[in-house]
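K.L.:
Sequence plus the predicted model coming up.
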Amino acid sequence: MPEVVGLLVHYKGHIGVYIGNGYVIEARGHNYGVVKTKLSDRGWTSWGYCPFITYATAANYFKKCDAKYTSIVDALGSIGVNSSFSYRLKIAGANGIKGYVGTAQQNIKLLTLLKQGKLIKP
């Protein structure tokens, strides 16, 4: 999960809001109220962006590449970013791509995000 304040975290039947530095705000019911908890302590199974929030994290994104590129390796190289497999693995993880092995589908997803200026830095 990227270090982005405002991300939603989820497990079946429950949602919290990530507030950074490993903490979440969540409403735990009448007995506890709204509480601050450690992300690692609560068994969250997934995370995502809320479509109603504008995230002010532009510094956490790679700059856009030119639309002409058809290869993630070439596109990353064009903006001066390490394009090695090991670094692409980290980039993939930061962008929610699990089990990255460098398939065409995975690389196209990374390339598409990079062209949109929405590829998150690890």
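P.N.:
It's in. Numbering: from 1, shown residues only.

K.L.:
rest of the way, CA atoms for contacts and neighbours
P.N.:
OK.

K.L.:
Assign A75 to helix, strand or coil.
P.N.:
Here A75 is recorded as helix under DSSP: H, G, I helix; E, B strand; the rest coil.

K.L.:
What's the local residue count around the nearest residue to it once chain neighbours are set aside?
P.N.:
Leaving aside its sequence neighbours, A75 sits nearest to Y69 (CA to CA, 6 or more residues apart in numbering; 5.6 Å). By the measure other CA atoms under 10 Å, the count of residues near Y69 is 15.

K.L.:
tell me the pLDDT at the residue lying farthest from the centre of the chain?
P.N.:
Going by CA atoms, centre = their mean, the residue of the chain most distant from its centre is N31, 32.5 Å out. On pLDDT, N31 comes in at 95.

K.L.:
ok, it to Y55 distance?
P.N.:
Remark: distance between N31 and Y55 (CA to CA, to the nearest Å) = 32 Å.

K.L.:
Can you report how many residues lie near S83?
P.N.:
S83 has 17 neighbours, counted by other CA under 10 Å.

K.L.:
Could I get the contacting residues of it?
P.N.:
72-74, 76-77 (CA atoms under 8 Å, 6 or more residues apart in numbering).

K.L.:
quick one: buried residues of the helix ranked longest in the chain?
P.N.:
Ranked by residue count under DSSP state H, the longest helix found in the chain is helix 104-116. Neighbour counts over helix 104-116 (16 or more other CA atoms under 10 Å) mark 106-107, 109-115 as buried.

K.L.:
and what of stretch 37-54?
P.N.:
Buried residues in stretch 37-54, defined by neighbour count with 16+ other CA under 10 Å: 37, 39, 44, 47.

K.L.:
Mind putting the residues you listed into JSON lines with pLDDT and secondary structure?
P.N.:
Putting the buried residues of stretch 37-54 into JSON lines (pLDDT from 0 to 100; DSSP: H, G, I helix; E, B strand; the rest coil) gives the following:
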{"residue": "T37", "pLDDT": "96", "secondary structure": "strand"}
{"residue": "L39", "pLDDT": "96", "secondary structure": "helix"}
{"residue": "W44", "pLDDT": "96", "secondary structure": "coil"}
{"residue": "W47", "pLDDT": "95", "secondary structure": "strand"}
